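Colleague: mind folding the following:
(one chain, ligands or ions: 1)
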Amino acid sequence: MSETMKISRRSFLKTATAIGASLAWVGPARGSRIHWHERRDLYPQGVASGDPDPHSVILWTRRPFADGGTRQLLTVEVAEDEAFRRVIAHAQAPVSSAADWTTRVLIGGLKPARTYWYRFTDADGNGSRVGRTITAPLPNDPRTVNFAFVSCQDVNEGKLNAYRRMIYEDELAPATEQLGFVLHLGDFIYEVVEYPEEVKTRYDRTIYEVARIPDGGKVSHFHFPLTVDGYRAVYKGYLADPDLQDARARWPFVAIWDNHEFSWQGWQSIQKAGKARPGQSIKVAANQAWWEYLPSRCKKVSGPSFESFDPPAVTNVAIEKWDANGLGDEPNNLSAINSLIGYRSYRYGKNLDLIITDQHSYRSANPFADPAVGAFGQEFTGMFPEDVAQILDGGRAFNGGNPPAEVSFNGAHVPNSQRNAPPQTILGAEQKAWFKDQLRNSTATWKIWGNSEGALDSRADPQNLPSGLLKETWPKTTYATLPIGDYGNAYRERAEIYDLVRDAKITGFAIVSGDRHSFWAGYATSELPPGKFDPVGLSFVGASLSSAGTMEAQEHGLPKTDPLRPLFLADRPDGAKPDWTHNMLLKHGVRSCLEYAKSFDLKRAQSLSNPDLAPHLEFVDLGGHGYAKVRLSVTEMRTEFVCIPRPIARSERQDGGPIRYRVLHTAALWKSGERPQLKRSVLEGDVGLAI
Ligand SMILES: [Fe+2]
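Modeller: Residues are numbered from 1 along each chain as shown. Okay, the predicted model is just below:
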């Protein structure tokens with residue numbers, strides 16, 4: 001064994017201990033010694049691999065034993081070929097009831113940028129399906145990097161045709177264009193589960209059976225977990241999906257949770273679906289199930305076990321003290337949110353540093369929750385004054401520490417509820433400090449911030465509405481935000497990060513995110529006109545794989561009588577499906593929408609575009625579903641949105657069904673001080689009003 005190999009083996013053991021995986025080290029290739037015969041029914045959630053680096057990757061499966069006591073040993077084999085003639089690792093993989101019969105094995109000593117095959121076998125020769133995984137290139141390897149980013153895979157209300165399409169295209173692609181990994185940006189599960197006998201449809205969707213949640217809660221038609229068995233039931237239900245199983249068997253996944261892996265409206269350890277409740281034990285349960293079902297290098301801090309999560313004991317108590325950054329200063333809260341650390345970074349060849357953050361465990365209280373400000377501009381569907389949003393976001397730090405005592409809109413004044421509150425943070429102080437260090441120290445060509453939440457402003461210009469349409473007139477002094485409550489409204493924290501990028505002369509900075517159930521492409525800028533539009537990087541949001549989006553909700557929920565309906569939906573005189581003017585509202589403004597809804601003349605509508613509304617947006621489609629593919633080279637970032645029709649039913653086609661459109665945004669690597677520039681090309685299909 002060479003000296004470098006010894007060192008790398010030592011650090012490998014350290015890593016494996018920290019993440020709690022079992023270990024295997026590769027040896028010389030030889031034929032399989034196992035009498036494997038495939039029994040997929042005994043491995044009902046398939047296989048998976050996660051978080052590859054140049055020399056190692058984590059392999060996963062679940063093999064439940066009904067009468068097998070509490071612990072059994074499987075064998076895992078890793079081979080250089082799909083037929084397992086050249087097996088290079090052969091190791092034990094323990095499964096136990098303590099981890100819901102899941103196992104994680106970290107395989108070390110692999111070669112960089114290589115494809116491997118793996119499988120698990122029990123003592124009787126009953127085998128899992130064969131999985132495929134790929135290691136990362138070495139840090140100095142200039143090869144092109146390809147990955148997909150995805151999010152929001154609701155299988156209670158839809159099907160994962162997008163994965164089928166991804167697999168189909170990847171199999172046909174030349175080796176240099178095949179995906180190295182899939183970045184999953186959250187909502188891997190939806191913890192709120194509908195039961196088909198209680199509710200048959202929602203929007204356009206059929207409700208499919210997913211899981212029964214033991215000892216859960218319920219709000220409206222939605223059941224949700226309150227214990228680890230509840231979360232485990234949801235993961236098992238989701239992973240029964242064949243398209244998701246095939247995707248996990250084809251590529252390593254790198255994942256971070258969004259909100260629904262814990263709680264729809266929850267934050268820190270507070271569980272909230274309708275009513276908020278102290279949920280320290282629920283957050284720990286959510287983390288435990290995530291750790292059990294998604295193989296990753298996330299650090300669990302509960303102990304060195306390779307096999308089980310070992311949850312810390314916590315009590316559900318109300319948080320009464322908050323620190324200067326809005327972090328709940330309560331020991332059970334801190335134990336719960338730190339029981340699994342999701343933020344981490346990966347170097348992937350010369351061209352990618354992937355920096356992943358957690359948007360929910362450390363965030364401060366929602367600054368926009370005061371019902372008094374919710375009454376501002378109520379006639380203006382979905383819109384909220386941007387200047388007020390900025391004041392509330394800034395808290396006590398607004399205006400250099402002199403926030404106004406009141407916030408106002410059109411002569412209505414209400415006390416500023418955030419006057420004494422900490423400025424809004426999504427990242428929290430500790431994670432943010434880490435994140436900034438990662439950005440400053442990155443030496444890769446592209447610094448990709450993988451986060452679950454979007455960062456592009458969603459705004460409109462109701463000040464340009466013709467008078468008389470509504471009783472109230474929107475003031476000329478401010479734009480409207482159509483608030484999402486993500487980084488798009490975290491004005492202060494976003495500016496802090498973008499300022500760092502500019503001041504530290506960081507180039508190749510780009511954000512990839514999810515959560516919005518829609519495709520967005522544009523620029524990372526802290527201000528928009530009348531402020532300074534000054535992009536420091538690129539910003540993308542990938543659509544949902546399957547979850548219902550804004551346009552579907554509006555098709556079903558927006559009243560025909562709403563005088564602002566043309567800003568969201570343009571009803572065709574022939575009764576055909578309405579056009580999605582909402583996309584146009586965000587990119588071009590109200591004048592374009594009103595013209596389009598009258599004439600259906602796209603050119604004429606776009607000629608009325610308000611150039612100050614959205615210089616940050618190249619593309620927005622609030623009705624899209626699908627996935628995004630990224631290709632990074634030493635000179636260029638290419639981001640391709642692959643949009644599919646609303647995935648209501650499973651496509652029986654081998655290619656996952658038709659494509660609505662495929663649109664490509666490319667940017668050449670810019671120099672420090674230069675402005676990044678996206679070029680768009682529609683490669684296939686019809687993008688509607690998205691441009
Ligand atoms: Fe989602």
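Colleague: residues in contact with the residue of the stretch 351-500 of the chain found nearest the ion?
Modeller: The ion sits closest to residue 452 of the stretch 351-500 of the chain, with a gap of 8.7 Å, by Cβ to the ion. Every residue, glycine included, has its C-beta placed from N, CA and C. By Cβ atoms under 8 Å, 6 or more residues apart in numbering, the contact list for residue 452 reads 151, 185-187, 256-259, 359-360, 513-515.
Colleague: enumerate the residues of the stretch 451-600 of the chain near the ion.
Modeller: residue 547 (Cβ under 5 Å from the ion).
Colleague: make it 6 Å
Modeller: 515, 517, 544, 547 (Cβ under 6 Å from the ion).
Colleague: just the buried residues of these.
Modeller: For these, a burial check counting by 16 or more other Cβ atoms under 10 Å picks out 515, 517, 544, 547.
Colleague: between those residues, which is nearest the ion?
Modeller: The nearest member of these to the ion, counting by Cβ to the ion, is residue 547 at 4.8 Å.
Colleague: now the closest one: how far from residue 83?
Modeller: 39 Å (Cβ to Cβ, to the nearest Å).
Colleague: residue 226 now?
Modeller: Distance from residue 226 to residue 83, by Cβ to Cβ: 46 Å.
Colleague: out of the two, which sits in the more crowded spot?
Modeller: Between residue 226 and residue 83, residue 226 has the larger neighbour count (other Cβ atoms under 10 Å), namely 21 against 10.
Colleague: what pLDDT is listed against the closest residue to the ion within the stretch 551-691 of the chain?
Modeller: Relative to the ion, the nearest point of the stretch 551-691 of the chain is residue 625 (11.4 Å; Cβ to the ion). We have a pLDDT of 98 for residue 625.
Colleague: ok, now residue 5?
Modeller: Note for residue 5: predicted pLDDT of 55.
Colleague: over to the one 10 residues further on?
Modeller: On the pLDDT scale, residue 15 is placed at 70.
Colleague: that one looks like it's in a helix, true?
Modeller: Yes. Assessed by DSSP: H, G, I helix; E, B strand; the rest coil, residue 15 belongs to a helix.
Colleague: now do the contacts for it.
Modeller: Per Cβ under 8 Å, 6+ apart, neighbours of residue 15: 56, 106, 297.
Colleague: neighbours of the last one, how many?
Modeller: A count of neighbours around residue 297, defined by other Cβ under 10 Å, yields 22.
Colleague: which parts of this protein sit against the ion?
Modeller: Residues of the chain lying near the ion (Cβ under 6 Å from the ion): 152, 187, 515, 517, 544, 547.
Colleague: max pairwise distance over those: which two?
Modeller: 515 and 547 (9.8 Å; Cβ to Cβ).
Colleague: ok, which stretches of the stretch 151-300 of the chain are strands?
Modeller: Assigned by DSSP state E, counting those that start in this stretch, the strands in the stretch 151-300 of the chain fall at 181-184, 201-202, 205-206, 217-219, 222-224, 253-255, 270-273, 275-278, 299-300.
Colleague: will you turn those strands into TSV that also has mean neighbour count and mean pLDDT?
Modeller: Shown next, in TSV, are those (neighbours: other Cβ atoms under 10 Å; pLDDT from 0 to 100):
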stretch	mean neighbour count	mean pLDDT
strand 181-184	25	98
strand 201-202	14	96
strand 205-206	18	98
strand 217-219	15	97
strand 222-224	23	98
strand 253-255	25	98
strand 270-273	22	96
strand 275-278	15	96
strand 299-300	20	92
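Colleague: closest to residue 505 out of those?
Modeller: Residue 505 sits nearest to strand 181-184 of all the strands of the stretch 151-300 of the chain, at 26.3 Å, using Cβ to Cβ.
Colleague: and the closest one, what other elements does it pack with?
Modeller: In this structure, strand 181-184 packs against strand 145-150, strand 253-255, with contacts taken as 3 or more Cβ pairs under 8 Å, 6 or more residues apart in numbering; DSSP states H and E.
Colleague: can you put those strands in a markdown table and add distance to residue 532?
Modeller: As requested, the helices and strands packed on strand 181-184 are exported to a markdown table (distance: least, Cβ to Cβ, whole Å):
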| stretch | distance to residue 532 |
| --- | --- |
| strand 145-150 | 29 |
| strand 253-255 | 35 |
